[in-house]
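Novice: I'd like to go over a predicted model; first the sequence, then the structure.
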Amino acid sequence: MNAAAVPVTSKSALATYAPRPIKRERRTQSEMNVIIDGLYAILEEAHPMSVRQVFYQATTHGLVGKTEAEYKGTVIRLLSKLRRYKLIPFDWITDNTRWMRKPTTHDSMEAALAETARFYRRSLWADTDVTVEVWLEKDALSGVLYDVTATYDVPLMVTRGYPSLSFLQSAAEAFEVDGREVYIYYFGDWDPSGLDISRVVERDLRELAPNVNITFERVAVTEVQIKRWNLPTRPTKKTDTRAKTFKGDSVEVDAIPSEDLRLLASMCIEEHIDRRQLEELRNIEVQERETLSHFAQTFRRSAGGGAA
């Protein structure tokens, strides 16, 4: 019987005969291919990225809707398939939430010398009067910023939300022992908890290292960036106890494209670097690495009975 032809005489009757909500139609294969091509293009241009970053870029490009259902049911699912089928390299997606603890070991002394030569780095900050660190709220983005911090020999400190007191105490003790002026550049979400985390980190570090001159700067996310870059937003969680004093939507640090995050980190660090001294240090580093390689080769020849 057609529901429209039934006379509605009560709320119960309306509930009985009202047509069911229409389910959203599945995307066609052609539509899915457009999304897949778009995800590939996003990653090809600016890898590595976290899955969340890819999602925000996909919403910006109009590939998917800005919902958790699209994030989990479309972006996560498709990126998993693309990696499983080897259509995109695994290292295009960062994930630092799972890692192994194991001491560094070598097959021989020769191997130890060879590895030391290969990875030898000179301290960039040993002769400077400042200490520079980059602090990051989300571990998922550490793979995005590590290339920058590693290049400039700068510690990357990941708080994973609110850091433990032990974590902050350890950092503060290192500042006190070092004794130099400290510059901390912080990357975190623009939401009630994200803003409070940076406040707590700054407050506690100053309390735990009272004898150290600390400059603390929130680099991202900021109100200026949200407006200037038209960053994707999400509804602020009303369950957050700090939401009462927070106005507007929230913006995750993942919403900033990888290349912009890396550029921000580079600009902050380079403020404290003398480019001429950096070039000199790099030249010395190359020479010392070659010396170590020579030691490794000499040891190999000696161990094998050949002429040194």
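Specialist: Nice, I can see it. Residues are numbered from 1 along each chain as shown.
Novice: which residues touch Val54?
Specialist: Neighbour list for Val54: Leu39, Ile42, Leu43, Val75, Leu79, Ile93 [criterion: Cβ atoms under 8 Å, 6 or more residues apart in numbering]. The C-beta positions use only the backbone N, C-alpha and C, and glycine is treated the same way.
Novice: gap between the fifth one and Arg289?
Specialist: Read it as Leu79. Separation of Leu79 from Arg289 (Cβ to Cβ, to the nearest Å) stands at 37 Å.
Novice: The two: which has the busier surroundings?
Specialist: More neighbours surround Leu79 than the other of Leu79 and Arg289, with 23 against 17 (other Cβ atoms under 10 Å).
Novice: which residue ranges form the strands in the protein?
Specialist: Using DSSP state E, the strands of the chain run over 130-136, 156-158, 181-187, 214-220.
Novice: Serialize the ones you listed to CSV and add fields for mean pLDDT, distance to His61 and mean neighbour count.
Specialist: Listed next are those as CSV, based on pLDDT from 0 to 100; distance: least, Cβ to Cβ, whole Å; neighbours: other Cβ atoms under 10 Å:
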stretch, mean pLDDT, distance to His61, mean neighbour count
strand 130-136, 97, 25, 22
strand 156-158, 96, 28, 19
strand 181-187, 98, 23, 22
strand 214-220, 98, 21, 17
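Novice: mind checking which of these is nearest Glu110?
Specialist: strand 156-158 (31.9 Å; Cβ to Cβ).
Novice: what pairs with that closest one, and is each one parallel or antiparallel?
Specialist: Partners of strand 156-158 in the sheet, by DSSP bridges, are strand 130-136 (parallel).
Novice: Can you give me the end-to-end span of stretch 86-94?
Specialist: 16 Å (Cα to Cα, to the nearest Å).
Novice: Pull the distance from stretch 75-82 to the chain's centre.
Specialist: Mean-position distance between stretch 75-82 and its chain equals 19 Å (Cα atoms, centre = their mean, to the nearest Å).
Novice: Likewise for stretch 68-75?
Specialist: Distance, stretch centre to chain centre, for stretch 68-75: 20 Å (Cα atoms, centre = their mean).
Novice: Please apply the same query to stretch 207-219.
Specialist: Using Cα atoms, centre = their mean, the mean C-alpha position of stretch 207-219 is found 23 Å from that of the whole chain.
Novice: what does that stretch rub up against?
Specialist: Contacts for stretch 207-219 (Cβ under 8 Å, 6+ apart): 168-169, 172-173, 175-176, 179, 181-188, 198, 201-202, 205-206, 264-265, 268.
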